[in-house]
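Q: show me how the following folds:
(one chain, ligands or ions: 1)
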Amino acid sequence: MLNEYAVSQRDEFLSLAQQLVSYDTPGQDKIRCDALADLMATQLAPLGEVTRVSNPHGGDHLCLRIPAVGSAASQAPVLLLCHYDTVWPVGTAAIRPLRVTGETAFGAGLYDMKASIALGMLALRGIGELGFGLPRPVTWLITSDEEIGSPTSRELIEHEARSAAHVLVLEPPIEQGSLLKTARKGVGVYNLAVTGRAAHAGVEPEKGINALIELAHQILAVQALADRGQGTTVNVGTARGGSASNVVPAEATMEIDVRVWSGAEAERLEAGFHALSPVLPGAELLLTGGLNRPPMERTPASIALFKRTQAIGAALGLSLGEGATGGASDGNFTSALGIPTIDGLGAPGQGAHALHEQIQIPGALQRLALLMGLLTQL
Ligand SMILES: [Zn+2]
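A: Sure thing, here's the model as predicted:
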């Protein structure tokens, strides 16, 4: 019955997706993001109580609350997570609007993750239309800064997660096999600045302290913190320094991306970075940054939630697999709080952050049925 309902929503799904994709929403462009927030607030209003959380640094965040009735009203809510910012600059929506070819839909920000917002709206509307009761209240956050690490929405997400029974993250699935995500790496960025001392390279080089040579020592020390066996990666992504070939460089910096599967590895890295010390006499190091998203670890609670999701999917004829990814999402925050979290519930497709970004329409409608099943059965 859910499958038939979902298939009947094909036109409605594409129409909603077309509207959402027609807005450019680079997260920090407040005017453009707020324009889409206006539209979504109107679309969500018939479903429940919409709160707009003002964000002076970018687009406003939206929170929809739907109460459950009877004894279900006192149950812990389910938290749904979506973001409406995309990585695409202003002007992309006009160049890559929604385009449907056969069973595939293309569009900027469609796969990651405006199609998911359309699915969420249709699932909640459908549950009402079909007269299903909710076993627990629903809280749905649609935020505007996931792509830049959620600096302004993190607190809101963590606050709502603390009282939630479980969290359903509507990010795209893993491309290969459309797998759900029960583990994601934690991600951090460190910046190491070296201060040496400038001197004339020809006249009195011995009076200088070469910041680039110090940086070279530190690059190798930092790289040695990686642990392939643990899946811990350390990437010195940029290194800069110096001013001219005939000057002993006084300044140098590097930026380092780190990724870990476990909190224990995050702590080991943090300790390793703070233990770095200068090799050249007189050189100074300044370390900033750290982990900005904790790892989503594959906990017994998240495995149990995945098994229930899998069973609800199986009843709909879906065979759902489980996977892990090196990329982070807002699910990392909720999982780190110990709240069972399933990620990757969005529409199957491919090309996140890429020009060939696309979704499979039949797969998206299957995910609509699945979402309705999860919201009414979990
Ligand atoms: Zn995303």
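
Q: now the stretch 151-300 of the chain against the ion: closest residue?
A: Relative to the ion, the nearest point of the stretch 151-300 of the chain is E171 (4.8 Å; Cβ to the ion). In short, each C-beta sits where N, CA and C put it, glycine included.

Q: next one: phi and psi at that residue?
A: The phi and psi torsions at E171 (degrees, to the nearest 10) take the values phi -60, psi 160.

Q: my guess is it contacts N332, does it?
A: No: shown here, E171 and N332 do not form a contact pair, counting by Cβ atoms under 8 Å, at 10.8 Å.

Q: leaving out chain neighbours, which residue sits closest to the residue of the stretch 151-300 of the chain closest to the ion?
A: Ranked by Cβ to Cβ, 6 or more residues apart in numbering and with sequence neighbours excluded, the top spatial neighbour of E171 is S329, at 4.9 Å.

Q: related to what we said a few turns ago, give the contact list for the residue of the stretch 151-300 of the chain closest to the ion.
A: 81, 112-113, 116, 181, 329, 331, 343-346 (Cβ atoms under 8 Å, 6 or more residues apart in numbering).

Q: of these, which ones also sit close to the ion?
A: 112-113 (Cβ under 5 Å from the ion).

Q: narrow the contacts of E171 to those in helices?
A: 116, 331 (DSSP state H).

Q: and the residue nearest to E171, how many neighbours?
A: Counted with other Cβ atoms under 10 Å, residues neighbouring S329 total 27.

Q: burial of V236, as a residue count?
A: 17.

Q: next one: A315
A: Other residues within reach of A315, judged by other Cβ under 10 Å, total 12.

Q: what about it, distance to E4?
A: Distance, A315 to E4, using Cβ to Cβ, to the nearest Å: 14 Å.

Q: and H217, what does it touch?
A: 279-280.

Q: mind checking the SS state of it?
A: The assignment at H217 comes out as helix when based on DSSP: H, G, I helix; E, B strand; the rest coil.

Q: repeat that for the one 3 residues further on.
A: For L220, the secondary structure call by three-state DSSP comes out as helix.

Q: any idea of the pLDDT on it?
A: The model reports L220 with a pLDDT of 97.

Q: now S71
A: Value listed for S71 in the pLDDT field: 86.

Q: and if you look at G27?
A: Reading off the model, G27 has pLDDT 85.

Q: from D145, how far off is it?
A: Taking Cβ to Cβ, one finds G27 at 5 Å from D145.

Q: what's the overlap in contacts for those two?
A: With Cβ under 8 Å, 6+ apart as the test, G27 and D145 both reach 58-59, 85.

Q: who touches L374 in this structure?
A: Per Cβ under 8 Å, 6+ apart, neighbours of L374: 78, 168, 309, 312, 345.

Q: same list (the residues you listed) but as CSV, adding pLDDT, neighbour count and secondary structure.
A: Shown next, in CSV, are these (pLDDT from 0 to 100; neighbours: other Cβ atoms under 10 Å; DSSP: H, G, I helix; E, B strand; the rest coil):
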residue, pLDDT, neighbour count, secondary structure
V78, 98, 22, strand
L168, 98, 26, strand
T309, 97, 24, helix
I312, 97, 21, helix
L345, 97, 26, coil
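
Q: closest to the ion out of those residues?
A: The ion lies nearest to L345 out of these, by Cβ to the ion, at 11.9 Å.

Q: how about the closest one, what does it touch?
A: Here L345 is in contact with 116, 168-171, 173, 180, 367, 370-371, 374 (criterion: Cβ under 8 Å, 6+ apart).

Q: which of these has the most neighbours?
A: S116 leads the contacts of L345 on contacts (other Cβ under 10 Å) with 30 neighbours.

Q: and the residue of the stretch 251-378 of the chain found nearest the ion, how close does it get to D112?
A: The nearest approach of the stretch 251-378 of the chain to the ion comes at S329, 6.2 Å away (Cβ to the ion). Separation of S329 from D112 (Cβ to Cβ) stands at 10 Å.

Q: try Q218
A: 35 Å.

Q: those two - which one has more neighbours?
A: Taking neighbours as other Cβ under 10 Å, Q218 and D112 compare with D112 leading, 27 against 24.
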